[in-house]
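*Asks:* would you be able to build a 3D model of this:
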Amino acid sequence: MLSKEWSKFKSGSDIRGTAAEGVPGAPVDLTDPVVDRMARGFVVWLSGKVQKPADKLVITLGHDSRISADRLTACTSRAMTDMGAKVLLTGLCSTPSMFMSTVDPVVRADGALMLTASHHPFNKNGLKFFTARGGLEGSDITAILELAEKNEFTPLPGGKTEECPFMETYAAGLVGKVRAATGEEQPLKGLHIVVDAGNGAGGFYVEKVLKPLGADTSGSQFLEPDGRFPNHIPNPENKEAMASVCKCVTDNRADFGIIFDTDVDRAGAVFADGEEINRNRLIALISAILLEEKPGATIVTDSVTSDGLAEFLAAHGGVHHRFKRGYKNVINEAVRLNAEGVDCPLAIETSGHAALRENYFLDDGAYLVTRLLISLAKLSKQGKNLEDLIRDLKMPLEEAEIRMGFFEEDFKTYGQKVLSDLKEYCGTHPEFRAAPVNYEGLRVSFAKGEGGGWFLLRMSLHDPIMPLNIESDEAGGCKVIAAKLYGFLKSYRGLNLENLENYLK
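*Replies:* Numbering: from 1, shown residues only. This next block holds a predicted model:
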C-alpha cells in the first residue's frame, strides 16, 4: 500500500507534483531522485503489461512548454535507458500525439511518457502515460508509484535514446484528414482563422495544420512556447483566457478562433462575432455534426451539462447520457456502452475534454477542432457558418458554481451523508424534484416561479470540496434555488458554507 509520501503524487490517472521553485509555500517535490524512480517504475510496469523484456521496450518521451521540461526529460530518459529501454525523444509535443505514437505503424512505441501538468501553474509538472490501449487508469498509476516507492530496480545494458520528430507526423495526419473529408488541397482558403496557444504546446497548429490547408492565420497570438505563461493561463475554461481569444477574433475580424490548453488535449473555439464556443455550446456543436452522420447516436457527457443541451440533443435525434465528471469517467462509460452495442461516437466533458470513437476515444483538442474545421469548410461553400448548427440551443439565463469545503477530516463520509440526507429530504419536499437517475451527486429541479432551473450537488473527484452548480431560466432564479438549498444545508456544521452565504448576500 502506498505511503502518504508517495500517494500525494497521484492525481486521478496522472502523476503530478511541484517541479519548479517560484511559488511561496510550494517546495519542489518532483525532484530528480523521485522522478527517476517513477520513470523506472513505468518501465517495469510496461514490461509486464506488454509482456516484453525491459531491454526490448520502445518508449516515446515528450513534454509541453513548462520550465521544468528539460530537467525532467533528462531525468526520465536517463532512468529509462538505464533500465535497458530505447527512448525516442519527441521534444515539444502535445499529449494526444504521444498516444498516437503508440499506434503509429512506423513508430510502434510500446508506451509513451508525456511530461505535463495540463493547465496548472508554471511551477507544476507531471507524468502522463499511454499504451496502445489508451491512457492509464488510476489503478495503474498506483502500481507504478508502488514500484517507485519500493525502489527495487535492476539496470540493464543496451538502453539508448534517439530523436523522433513525431509532431510532424501527427500534424500531417490532421491535414490529411481535412483534405480527405473535403476533397480539396486547401479547403480553408479564404477563411481567416486565429489561434491562441497561451504559450503552451499548441502553436504548431498554425504552421503545420492551418497554413497548409490555406487558412489566413494572421493575428494568431501567444504561439511561442513559454513555460511561465506570461499572457494568460492556457485553459479554455479560464475567463481571462477566453476573453483574450474572443478579443483576438473580433480585433482581427477573423472567421473563427481556436484556443488550446497547455498540452492540447482540450480546446475551445470562438465564432466570428466573438461569442465563445465553450462548455454546452461546444458539446452541442460537435454533437450536431456527429448526429447528422449518425442519427440516433448516444452522446456521453459529464454531470453538469444544462437542460438546454439535453433538449438540443433530443431535438437533433440524439440520446443524452449524462454521466460523472472526469474525462476518464466519460470515456470509459462511452467505451462500455459501445461494447454493449450502443452507438456512442462521443464522450465529452464541459471542461473541453472531447474523445471521439473514430479517434481511439482519445481526448484530443486538436482533433476536435479539426473536426469542426471540416464542417466550417463545407458550410462556407454553401454560404453558411457553424453558428447555424446550434441556433436552436437554449442557453440558461443564469448560471453559478459555488465550491464548499469541509471542516470534517473524514470529508468523504460526511459528504456522502449530506447527499443521502438530501435525497431523503427531496422525498418529503415536493418542490425539490430529484432526477430519477444520478450517476454523480444529486440533481434537483425546480418549477417555474420556484427558481425555474436546477442544482447539482456532488463530491469533487479528488479534493475535499463539494461543488454546487446551479442554472436557471428566470431572473434571480439561481439565488432562489441557492436559498432553498441553504435552508437544508445550514444545519450541517461540518460543511463550510461561507462561499454559499457570500453568494446569497
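*Asks:* these two touch, right, Glu185 and Val175?
*Replies:* No. Contact criterion CB atoms under 8 Å: Glu185 and Val175 do not qualify, at 9.8 Å. C-betas here are computed from N, CA, C, even on glycine.
*Asks:* who has more neighbours out of these two?
*Replies:* For Glu185 versus Val175, neighbours defined as other CB atoms under 10 Å are more numerous around Val175 (17 against 12).
*Asks:* spatially central, which residue of the chain would that be?
*Replies:* By CA atoms, centre = their mean, the chain has its centre lying nearest to His353, at 3.4 Å.
*Asks:* if I pick it, what's in contact with it?
*Replies:* Listed by CB atoms under 8 Å, 6 or more residues apart in numbering, the contact set of His353 reads Asp265, Arg266, Tyr327, Val330, Asp363.
*Asks:* run the last query once more with 7 Å
*Replies:* Residues near His353 by CB atoms under 7 Å, 6 or more residues apart in numbering: Asp265, Arg266, Tyr327, Asp363.
*Asks:* just Gly135 next, same as before
*Replies:* With CB under 7 Å, 6+ apart, Gly135 has these contacts: Ser13, Phe99, Lys328.
*Asks:* what's the closest of these to Lys381?
*Replies:* Nearest to Lys381 among these, counting by CB to CB, is Phe99 at 32.8 Å.
*Asks:* burial count for that closest one?
*Replies:* Neighbours around Phe99, by other CB under 10 Å: 29.
*Asks:* does the residue nearest to Asp82 when sequence neighbours are not counted count as helix, strand or coil?
*Replies:* Using CB to CB, 6 or more residues apart in numbering and skipping the chain neighbours, the partner closest in space to Asp82 is Pro155 (4.9 Å). Following DSSP: H, G, I helix; E, B strand; the rest coil, the label given to Pro155 is coil.
*Asks:* now do the phi/psi pair for His162.
*Replies:* Just so we're on the same page, residue 162 is Glu rather than His. Backbone torsions of Glu162, given as degrees, to the nearest 10, read phi -140, psi 150.
*Asks:* please read the previous query as pertaining to Ala347.
*Replies:* phi -120, psi 120.
*Asks:* which residues does it form beta bridges with?
*Replies:* Assessed by DSSP bridges, Ala347 has beta-bridge partners Val300, Ala355.
*Asks:* same thing with Thr131?
*Replies:* Beta-bridge partners, per DSSP bridges, of Thr131: Gly134.
*Asks:* show me the contacts for it.
*Replies:* Per CB under 7 Å, 6+ apart, neighbours of Thr131: Lys49, Val50, Thr102, Gly111.
*Asks:* sorry, back to before: residues near the closest residue to the residue nearest to the centre of the chain other than its chain neighbours, how many?
*Replies:* Leaving aside its sequence neighbours, His353 sits nearest to Tyr327 (CB to CB, 6+ apart; 3.7 Å). When counting by other CB under 10 Å, one arrives at 22 neighbours for Tyr327.
*Asks:* give me the distance between Tyr327 and Asp55.
*Replies:* In this view, Tyr327 and Asp55 are 34 Å apart by CB to CB, to the nearest Å.
*Asks:* same deal with Lys150?
*Replies:* In terms of CB to CB, Lys150 sits 21 Å off from Asp55.
*Asks:* where do the helices sit along the stretch 251-400 of the chain?
*Replies:* Remark: helices assigned in the stretch 251-400 of the chain by DSSP state H, counting those that start in this stretch are 280-293, 307-315, 327-339, 365-381.
*Asks:* so for Asn252, which of those sits nearest?
*Replies:* Going by CB to CB, the one of the helices of the stretch 251-400 of the chain nearest Asn252 is helix 365-381, 16.3 Å.
*Asks:* tell me what angle the closest one forms with helix 280-293.
*Replies:* Computed by axes from the mean of the first three to the mean of the last three CA atoms, to 10 degrees, the angle separating helix 365-381 from helix 280-293 equals 70 degrees.
*Asks:* helices and strands around helix 365-381, which ones?
*Replies:* Here helix 365-381 touches helix 166-182, strand 256-260, strand 267-271, helix 280-293, going by 3 or more CB pairs under 7 Å, 6 or more residues apart in numbering; DSSP states H and E.
*Asks:* mean pLDDT added to those, as a markdown table?
*Replies:* What follows is those, written out as a markdown table (pLDDT from 0 to 100):
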| stretch | mean pLDDT |
| --- | --- |
| helix 166-182 | 98 |
| strand 256-260 | 98 |
| strand 267-271 | 97 |
| helix 280-293 | 97 |
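*Asks:* so which of these is the most surrounded?
*Replies:* strand 256-260 (a mean of 31; mean count of other CB atoms under 10 Å).
*Asks:* in the stretch 351-500 of the chain, which spans are strands?
*Replies:* With DSSP state E, counting those that start in this stretch as the definition, the stretch 351-500 of the chain shows strands at residue ranges 354-356, 362-363, 398-404, 433-434, 442-446, 453-457, 466-472.
*Asks:* rounded mean pLDDT for the second one, please.
*Replies:* What it means is strand 362-363. On average, the pLDDT along strand 362-363 is 96.
*Asks:* now do it: everything it contacts.
*Replies:* With CB under 7 Å, 6+ apart as the test, strand 362-363 has contacts from Pro96, Phe99, Gly134, Asp265, Tyr327, Ile331, His353, Ala354, Ala355.
*Asks:* which of these lies closest to Ser68?
*Replies:* Scanning these for proximity to Ser68, where the rule is CB to CB, the winner is Asp265, at 18.9 Å.
*Asks:* mind checking how far the residue nearest to Asp82 is from Asp64?
*Replies:* For Pro155, the distance to Asp64 - CB to CB - is 29 Å.
*Asks:* Phe455 pairs with what?
*Replies:* Phe455 has these beta-bridge partners by DSSP bridges: Val444, Ile470.
*Asks:* start at 38 instead
*Replies:* Got it, the first residue is 38 from now on, which makes the last one we talked about Phe492.
*Asks:* that one: neighbour count?
*Replies:* Phe492 - counted by other CB under 10 Å - has 24 other residues nearby.
*Asks:* I figured it hits Ala520, correct?
*Replies:* No. In this structure, Phe492 is not within contact of Ala520 by CB atoms under 7 Å, at 11.1 Å.
*Asks:* the stretch 138-287 of the chain: strands as residue ranges?
*Replies:* Assigned by DSSP E, counting those that start in this stretch, the strands in the stretch 138-287 of the chain fall at 148-152, 161-168, 171-172, 197-200, 230-233.
*Asks:* before we move on, back to that, of the helices and strands packed on helix 402-418, which is nearest Glu274?
*Replies:* The minimum distance between Glu274 and the helices and strands packed on helix 402-418 falls on strand 304-308, with 7.8 Å, by CB to CB.
*Asks:* count of neighbours near Glu221?
*Replies:* Neighbour count of Glu221, defined by other CB under 10 Å: 16.
*Asks:* and for the one 10 residues further on?
*Replies:* With neighbours defined by other CB under 10 Å, the count for Val231 comes to 26.
*Asks:* give the closest residue to Tyr207 in space, chain neighbours not counted.
*Replies:* Ser134 (4.0 Å).
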